[in-house]
Each structure stands twice: as C-alpha cells, then as structure tokens.
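**Q** model this:
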Amino acid sequence: MTDPTFRAEGALQLDLGRGELSGGHRRLVALPTGTLLAIARAIEANHPSAIALYAAGRDWGESLARDVAESIRGATGQSPRDAAPAVVVDHLAGVVSSLGWGTVVLESWGEGLVFVLRNAPMEASEPARHILSGFFAGVAGELAGASFAGAAIGPGPEIRVLVGNPDAIKAARRWHEDGLGIGAIVDRLRAGMKE
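**A** The predicted model follows:
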C-alpha cells in the first residue's frame, strides 16, 4: 500500500540559473508579506466591497486545489472525493505550508466547516482576509465539486474561514460585521437562520 501522506520533496522547485520558482507545474513568485498586504490595502481602498480580493483568492484556491487533487491521486490513486478526509487535509496543509502561508487545520462545527490558518503571514483583521476567504471557498468547491462561499470570522493571529452554502455564508459575514462571535454565528446557522 502506498503512503497517503503529503510529500514535501518536489513540492517546490528552484532553478537559480533561470531565476525561477515553481510548484504544481506553474511558476510562482515570492513576495514579502508587507508587499502583499500593501497590494491588498490598495485594492480594498479602491473597491470597498473587496470583491476583487475575494475573486483573486477564489481563483488561487481553485488552482491550488487541482494541485492538491493531483498530489492525492499520486499518493493514493484516489480522487479527493474518494480519499479519507484526513488525507485531503494533510495534502492541502502540506501544499499551503510549503508556500509559506502557515498551517491548515479543518474544524467541523456541526454542519459547518471551518478552515483554520495558523501562523499566517497576516492577521485576520487585514484586508488580505478577503483573499483567504475566497481561497478556502475555492479550495472546498474545487475539491468537492460544489459551490461554496467563505467568510473569515474572528480576530487574532489564527484566521478562521467558515465555508459553506453561499446564502448561509452571506448571513454569517453580515453577523460577524455586526459584532457576533464565531460561536453565536454557528449557533444561528445550526438553527437554520439566514437573516
């Protein structure tokens, strides 16, 4: 039986002679966190709804999820939908970590899924939270073959992104902006509230 865990070797390739960094069969560039946040702040200042940041994150998440799916198929011979949830999270966490974004943990809160990004290069209050909301919605949607939305909820160094039905996530985002904590939001979602 093959080992289903994520393999870090080969996840990133650096060609110093060509000045190229690649991973998942595509070229990557490394940006300092401060530069990324400056870009995100500039976009948010010109587009207060943060739609552009969310869309960029979703596109990135969908693309990265295809790399995760390939990694899972290579390790297990299974699609992400057929693999054990722990295998999927392990491969997602491995890819995200290898790119320097921190570590990923998946929490299940009733029927809600919460991606937790620990040791992230920014705090949850930064404009880049919109990128990460779109990112995890894109990852979940691509891996599950369904439509998901995401909302970063809660303050602090651990970024929590609630992922689920777009209508429910829209309500969760509104409740968060109104000052509710993640526990109260999940309770409302469990009760079937969307207003």
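**Q** contacts, neighbours, all on C-alpha from now
**A** Will do.
**Q** mind giving me the packing neighbours of the longest helix along the chain?
**A** Criterion DSSP state H: the longest helix present in the chain is helix 51-76. Secondary structure elements in contact with helix 51-76, counted by 3 or more Cα pairs under 8 Å, 6 or more residues apart in numbering; DSSP states H and E, are helix 33-46, helix 85-98, helix 129-144.
**Q** quick one: average pLDDT of it?
**A** Averaging the model's pLDDT scores along helix 51-76 yields 92.
**Q** find the centremost residue of the chain, please.
**A** By Cα atoms, centre = their mean, the mean C-alpha position of the chain lies nearest to Phe136, the distance being 2.8 Å.
**Q** can you name the residues that contact that residue?
**A** Under the criterion of Cα atoms under 8 Å, 6 or more residues apart in numbering, the contact partners of Phe136 comprise Gly57, Arg58, Gly61, Phe115, Gly150, Val161, Val163.
**Q** looking at these, spot the one nearest Arg7.
**A** Within the contacts of Phe136, distances to Arg7 taken as Cα to Cα reach their minimum at Gly61, with 19.7 Å.
**Q** what about that closest one, how many neighbours?
**A** 25 (other Cα atoms under 10 Å).
**Q** with Asp59 instead?
**A** Burial measure for Asp59: 17 neighbouring residues, criterion other Cα under 10 Å.
**Q** and Leu28, by the same measure?
**A** Counted by other Cα under 10 Å, the residues lying close to Leu28 total 15.
**Q** Gly150 now?
**A** Gly150 sits with 32 neighbouring residues when counted by other Cα under 10 Å.
**Q** does it sit in a helix or strand, and which one?
**A** Mapping Gly150 onto the secondary structure by DSSP states H and E places it in strand 149-153.
**Q** other SSEs contacting that strand?
**A** Using 3+ Cα pairs under 8 Å, 6+ apart as the test, strand 149-153 ends up in contact with helix 129-144, strand 159-164, helix 166-177.
**Q** winner for burial among the helices and strands packed on helix 51-76?
**A** Neighbour counts averaged per stretch over the helices and strands packed on helix 51-76 are highest for helix 129-144, at a mean of 25; criterion: mean count of other Cα atoms under 10 Å.
**Q** if we can go back for a sec, in the longest helix of the chain, what's buried?
**A** Across helix 51-76, burial judged by 16 or more other Cα atoms under 10 Å covers 52-73, 75-76.
**Q** quick one on the thing from earlier: mind giving me TSV with the helices and strands packed on strand 149-153 and columns for mean pLDDT and distance to Lys194?
**A** Converted to TSV, the helices and strands packed on strand 149-153 look like this (pLDDT from 0 to 100; distance: least, Cα to Cα, whole Å):
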stretch	mean pLDDT	distance to Lys194
helix 129-144	93	18
strand 159-164	90	12
helix 166-177	87	5
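**Q** export those as a markdown table, with columns for distance to Ser108.
**A** As requested, these are arranged in a markdown table below (distance: least, Cα to Cα, whole Å):
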| stretch | distance to Ser108 |
| --- | --- |
| helix 129-144 | 13 |
| strand 159-164 | 10 |
| helix 166-177 | 15 |
